[in-house]
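Participant: my questions concern the predicted model and sequence given below.
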Amino acid sequence: MSTAAFIVIATLTLAGALAAASLSKLIHAALCLVVAFVGIAAFFFLLGAEFVGLVQVFVYVGAVAVLIVFTILLTRRADENTGGFNWGGVVLAIAVFSALMWAILGTPTLSIAAPQIEALTVKRIGEVLMTDYVWPLQCVGLLLTAALIGGLILVMEDKR
Amino acid sequence: MTGELVDQIFVVAKHWLLSLLGGSPDWVIQIASSLLNIAAVLGAFLTLFALISVLERKILARIQNRYGPNRVGPFGLLQPVADGIKMLIKEDIVPLRADKVVHFLAPIMMVASTILALGVIPYGRNMTPFAIDGGILFFFAVGSATELAVFMAGWGSNNKFSMLGAMRAIAQMVSYELPLILTVLPVVMVVGSLSPDAIVAAQSGYRFGAVPHWFVVTPWGATAFLLFFVSGLVESNRTPFDMPEGESEIVAGHMTEYSGFKYATFFMAEYFGMFAVSGLAVTLFLGGWHAPMRWLEFVPSYVWFFAKLSVLLFVFIWIRGTLPRMRIDHVMGFAWKFMLPMAFACILAAAVWHYQAHGLAGWLWSLGVVVIVYFGLSRLADTKKKFAPRTYRFAE
Amino acid sequence: MPTLTLFLMISAALFSIGLLAALSRRHAIFILIGIEMMLAAANLNFIAFWRFDPQPQSPTGVMVAIFSIAIAAAEAAVGLALVIAVYRHYRTTSVDKLDQLKG
């Protein structure tokens, strides 16, 4: 059952990602990116990290995707083509992919089955977040505040 | 004993149906169980949708001193059937310049996300279709997909009114999602769990043998409930916050270019969104499926849930019949200048209440916090002096 | 349950597709999309390694993934704000045309 789910999710995710990288219309690419992100969230569910999957959907579909489509709307011009394709990038991406595959397939210790672990509850994540990871948490809070203010200042129009 | 059987009749029926599959592999039973849950939720809410669509027209007619639909069936109760047939056989028009795929997918995505959100709400004792540890987070995660669906509808139609309506809708939905989530936080904080079942379980029992342990009877709970309800009104694009589809300004907003069954799907999604937000409000603040009095506990739990849900839906309709539409800048200002600080005050008040061991002192202290913040905000946002002519700034 | 190798292969493919989008497209938003995809692929790796850890310890991989999602959101917000600011100034979003050192 989980193998079937894996195949379906993998196909969906990779198709969405490929479409997002190669479609010529920006809006379609952004919507395909959403498909890819939902696929990754499904992978998280499959791996037993439900909380991260939900956060992934919440942040990427609810916030980042909306931000991207809003930016596309605000920077849209009828005459501008989104084209322009650099084939060097394709060569480099394929090179990186083959190097990664070579490394992964050449490491026999990686082909292990998943061990039995107890389910990761939200309560456990909260406890760890508030004890061992409290400083990173504060730093992320600071970073998000800085990003909020920075984003606002960047898009604020000059009152001249 | 019979009381318990009536209370658990749906659970027992589901187990009986699954036992018919005895001997099949595990995954068959799993899939069958999920399909049964989906069928139950869809059946219940499609019926409720049909009922509410005619009741809304009846109630609005009563408010406006007229009869409402009364031709089809007894008291016009078969009106939804007639409406459904009309919607099905209407011509489905797709604009020539529309982005066909996006235009087609938008209503599907809209209704799918609202139905998914309905899945995590506990409808009765042991009656949560999709019991998941982070249910509340799931609700908001799938609920946030509606914004994207609205955008897809506006973009796909390739129409200025559609796009303007979609922009308005997204702007107000994003703004009000903050208070909506922040008013859930105090409940999650006090209960210590994101699971709707745990939240309902925390609201069982009665104080002094009469007052139920619902969160709405605490000062922070009452405030959070009101804020949540107003945010829910905005999220489901209902009057007085229905600028996205204000027919006198921008035709029908993002639904302008939809006709026939696709329009009906949007209509359905709007009502399902209303059910989902009301259901979550019942779960979080009104004690879920718990009875309000101890001697009323013989009534089955799901009856209590749907009774509370109906009361909230009636208030939705009542507000629609009473209040005029708001202006978009007032709505946005209200979100950021009043709702958001009040939601933070709720969190503070809930913390005070929690650390005073849920007693009377904590009750009074949290009331104090809420009242002080409320009056401070009203003083700060004193609009009486600022009734100057409005300056218009057009988009470049 | 598939083996760890399969998850790593998916993640590598996603990373490469993100790299392809970031390197070969000229539109600024496509570059951001590519970066987001690469970050998501890295998250998938973290979660996969956490799940296949023989000794169940503290959920370090999950924590890193959560922080990484938060940082990716901040990055997207600032990046898209930059795109809007650049568009206001130069009236273009193609990164090839942004070749001036003075504003």
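Facilitator: Received it, and whenever you're ready, just let me know what you need.

Participant: and the host helix or strand of B:Gly368, how far out from the chain middle?
Facilitator: Assessed by DSSP states H and E, B:Gly368 sits inside helix B:360-380. Distance of helix B:360-380 from the chain centroid (C-alpha atoms, centre = their mean, to the nearest Å) equals 27 Å.

Participant: ok, now stretch B:176-196?
Facilitator: Its chain's average C-alpha position is 15 Å from that of stretch B:176-196, according to C-alpha atoms, centre = their mean.

Participant: what's the mean pLDDT across that stretch?
Facilitator: Mean pLDDT, stretch B:176-196: 89.

Participant: what helices or strands is the helix holding B:Gly368 leaning on?
Facilitator: helix B:219-235, helix B:340-355 (3 or more C-beta pairs under 8 Å, 6 or more residues apart in numbering or on different chains; DSSP states H and E). From N, CA and C alone the C-beta is placed, and that goes for glycine too.

Participant: tilt between the longest one and helix B:360-380?
Facilitator: What that stands for is helix B:219-235. 50 degrees (axes from the mean of the first three to the mean of the last three C-alpha atoms, to 10 degrees).

Participant: just the buried residues of helix B:219-235, please?
Facilitator: By neighbour count with 16 or more other C-beta atoms under 10 Å in any protein chain shown, helix B:219-235 contains the buried residues B:219-225, B:227-235.

Participant: break chain A down into its structural domains.
Facilitator: A:1-108, A:118-160 (automatic domain parsing).

Participant: now these as JSON lines including mean neighbour count and mean pLDDT?
Facilitator: JSON lines is the format used below for those (neighbours: other C-beta atoms under 10 Å in any protein chain shown; pLDDT from 0 to 100):
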{"stretch": "domain A:1-108", "mean neighbour count": "18", "mean pLDDT": "84"}
{"stretch": "domain A:118-160", "mean neighbour count": "13", "mean pLDDT": "85"}
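
Participant: wait, which of those is closest to chain B?
Facilitator: Comparison of the domains of chain A against chain B by C-beta to the nearest C-beta identifies domain A:1-108 as nearest, at 2.8 Å.

Participant: please compute how far that closest one lies from its chain's middle.
Facilitator: 7 Å.

Participant: one more: stretch A:100-113?
Facilitator: For stretch A:100-113, the distance to the chain centre is 23 Å (C-alpha atoms, centre = their mean).

Participant: is it anywhere near chain C?
Facilitator: Yes - contact of stretch A:100-113 with chain C (C-beta under 8 Å from any C-beta of the partner chain) involves A:Leu100, A:Met101, A:Ile104, A:Leu105, A:Leu110, A:Ser111, A:Ile112, A:Ala113.

Participant: what's the helix or strand for the spatially most central residue of chain A?
Facilitator: Closest to where the C-alpha atoms of chain A average out (C-alpha atoms, centre = their mean) is A:Phe37, at 5.3 Å. Assigning secondary structure by DSSP H and E places A:Phe37 in helix A:26-46.

Participant: what sits against whichever residue of chain B sits closest to chain A?
Facilitator: For chain B and chain A, the shortest gap (C-beta to the nearest C-beta) falls at B:Ser144, measuring 2.8 Å. Residues in contact with B:Ser144 (C-beta atoms under 8 Å, 6 or more residues apart in numbering or on different chains) are A:Val57, A:Phe58, A:Val61, A:Gly62, A:Ala63, B:Glu177.

Participant: re the thing from before, nearest to chain C, of the helices and strands packed on helix B:360-380?
Facilitator: With C-beta to the nearest C-beta as the criterion, chain C lies closest to helix B:340-355 of the helices and strands packed on helix B:360-380, at 18.2 Å.

Participant: packing partners of that closest one?
Facilitator: Helix B:340-355 makes packing contacts with helix B:160-191, helix B:219-235, helix B:360-380 when contacts are defined by 3+ C-beta pairs under 8 Å, 6+ apart.

Participant: buried sites along it?
Facilitator: B:340-343, B:345-347, B:349-354.

Participant: what does stretch B:127-147 give?
Facilitator: Buried residues in stretch B:127-147 (16+ other C-beta under 10 Å): B:127-130, B:132-147.

Participant: then stretch B:284-299?
Facilitator: Buried residues in stretch B:284-299, counting neighbours by 16+ other C-beta under 10 Å, are found at B:Leu284, B:Phe285, B:Leu286, B:Gly287, B:Gly288, B:Trp289, B:His290, B:Ala291, B:Pro292.
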